[in-house]
Every structure is written in C-alpha cells, then in structure tokens.
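> model this:
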Amino acid sequence: MDNKPGMHGKVATVLGDLGAQILDIDIADVNPDVIVRDFIILCDDESQAHVIVGAVQDIEGVEVQHASDRTFQLHRRGKISVANKVHIRTNAELSHVYTPGVGRVSMAIHDNPDAVWSLTIKPNAVAIVTDGTAVLGLGDIGPEAAMPVMEGKSMLFKSFADIDAWPICLNTKDPDEIINIVKAISPGFGGILLEDISAPRCFEIEDRLRAELPIPVFHDDQHGTAVVVLAALINSLKIIKKRPEDLKVCVLGVGASGVACSKIMMNFGVKNVIGFDRQGAVFA
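Predicted coordinates for the structure are as follows:
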C-alpha cells in the first residue's frame, strides 16, 4: 500500500465492513513510497475470504501481493515427519546406529524374536490404515485425499500419548487385499488402527485382522465412537435416574459407528435399540 497516512485505516475499514476480524498485523517491508503489511484475519468461510480479497484489491493505492489460507499453509508438505532419537555427529555414533553395529542388534532379534519389542520402535509404533472410503463426512474420497486426516490423527497420537503413528493409505477397496497388506507390514508396528473404512467391509477386515495378528487391532470409527457414546449414556442415566433396560434407543445411521454404538449399548444392558438409515427403520 502507499506509504502515507490513512491507508492502514482504509484497509481496516473495508475488512470490518465485510465482517472480517483482524487478528494481527505485521510490517513486512517499508520504503519511502510503499509499506508492505501482513494482515491476519478471521473469515466465516472461503467465499467471504474471496470477497474480502477482491474488495481490498479495489482500494486505490493498495495492491494485494498474496493471499493464503492458514489451514492450507499448515498442511504444506505435510504435518508430520520422522525425527531421530539419537544424533549422528561422529563416525563412532554412525557405526553404532547403522553398520556395522546394527548388525549385532539384528542378529540378537533373529536369535530372540521377542527382543524386537525392546530393541526397535515397534512397541511405540502404530499404523493408521485407511482406504479413503469413509473419510469424516466426506465419503469415498480416495486414499490420497484421506492423507491430511490420517496425518492429523498421527499428530493426536504424538501430542497426547507420545506414540509414533504413521498414515498407511491403501489404493484398494478389496477386503482381502487390505488384510494381506496389513498383515505384511505388521512386523514393524505394535498396533493397527483402522480408520475411515466404509461399512460393511470394515467389520470383516477388523474381525479377520484381530484373529490373524498377534498385535492389537482397533477400528476407531467403531469403537472410539462407541466408547464416547456409552460414557455419555452412563452419565445421562444418572441424571434421569433410569436403568439401561428401561430405555428405547434410536440410532440414526447404521454404518460402522452406528452398529458399534448399538452393540456396546446392548452389552451394557439396553434391550430396545432401533436403527434407522436413509430409508427408515432397519429390521429383519
């Protein structure tokens, strides 16, 4: 913008008139004729942001050099990475963490397979497996589009439990292929988290992996949701002073989470559960 009095106020006025909230303003560059300012603003949605950028661009003496979405900026080149727990600063350190020293560790695991739980990342590693068929409320958007969601889940694992979780996005919808792939990569992980796999395939995939793998397998959309719902139900019953068997429960949606919620409530003692899909009540 032109480096003269009143220009800052003009921009701020336009932003305010269009309903934007100014969160921060920085000066990026100054010369006698031009001052470059960074405005960080809060908008209601993308359409409002586009209107605001156009309106600011129309101000005489103002040029919008760049406009970006903070959410997209945070996702540039991904939100997670692999970080070393041991630094490599000398030849000696390199020889310990890699060849030749690492060969002794590999042979120790070969001689005693249980040592993998103490000599590798395995006990702290989780594979987040998806085929991208039931992502959030977006539906079947594919494995690539599911990556940002899986990265976000990895961040939750690391932030809240210091667990190293990694997105495994599979370009297949075939249950047998998914099961075989997960079994093939399982030696490197201490647990498997199934995420955003559509029903009814998710039930078969989880059941078979649980039966065929020696490590925990957990379908978040089913059991994570069900645990939260049951906790809410337990507390609600305390308030209304009723027993589980006194309730008539309607479950809106009988996909992965709806079925799991129904099962956990029935195991808790609820006798009357009616599931509804888009066509109405589901019954046999």
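> need the helices for the chain, in chain order.
7-17, 46-57, 70-75, 91-97, 101-111, 116-119, 143-161, 175-185, 201-212, 225-240, 256-268 (DSSP state H).
> okay, those in JSON lines with mean neighbour count next?
For the C-beta atoms, the positions are set from N, CA and C on the backbone; glycine is no exception. Listed next are the helices of the chain as JSON lines, based on neighbours: other Cβ atoms under 10 Å:
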{"stretch": "helix 7-17", "mean neighbour count": "15"}
{"stretch": "helix 46-57", "mean neighbour count": "14"}
{"stretch": "helix 70-75", "mean neighbour count": "10"}
{"stretch": "helix 91-97", "mean neighbour count": "12"}
{"stretch": "helix 101-111", "mean neighbour count": "12"}
{"stretch": "helix 116-119", "mean neighbour count": "14"}
{"stretch": "helix 143-161", "mean neighbour count": "16"}
{"stretch": "helix 175-185", "mean neighbour count": "15"}
{"stretch": "helix 201-212", "mean neighbour count": "17"}
{"stretch": "helix 225-240", "mean neighbour count": "13"}
{"stretch": "helix 256-268", "mean neighbour count": "19"}
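> which stretches of the stretch 101-250 of the chain aren't confidently modelled?
For the stretch 101-250 of the chain, not a single residue meets the criterion pLDDT under 70.
> make JSON lines out of the helices of the chain and add distance to Gly191.
Shown next, in JSON lines, are the helices of the chain (distance: least, Cβ to Cβ, whole Å):
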{"stretch": "helix 7-17", "distance to Gly191": "48"}
{"stretch": "helix 46-57", "distance to Gly191": "37"}
{"stretch": "helix 70-75", "distance to Gly191": "26"}
{"stretch": "helix 91-97", "distance to Gly191": "25"}
{"stretch": "helix 101-111", "distance to Gly191": "19"}
{"stretch": "helix 116-119", "distance to Gly191": "12"}
{"stretch": "helix 143-161", "distance to Gly191": "10"}
{"stretch": "helix 175-185", "distance to Gly191": "11"}
{"stretch": "helix 201-212", "distance to Gly191": "11"}
{"stretch": "helix 225-240", "distance to Gly191": "16"}
{"stretch": "helix 256-268", "distance to Gly191": "18"}
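> could I get the phi/psi values of the nearest residue to Ile181 once chain neighbours are set aside?
Nearest residue to Ile181 in three dimensions, chain neighbours excluded: Leu170, at 6.0 Å (Cβ to Cβ, 6 or more residues apart in numbering). In this entry, Leu170 is assigned phi and psi values of phi -100, psi 130 (degrees, to the nearest 10).
> okay, now Leu170: neighbour count?
17 (other Cβ atoms under 10 Å).
> residues touching it, list them.
Leu170 sits next to 129-131, 143, 177-178, 181 when contact means Cβ atoms under 8 Å, 6 or more residues apart in numbering.
> now Ser262
Here Ser262 is in contact with 249, 251, 254, 273, 275 (criterion: Cβ under 8 Å, 6+ apart).
> kindly report the same for Ile121.
164, 188.
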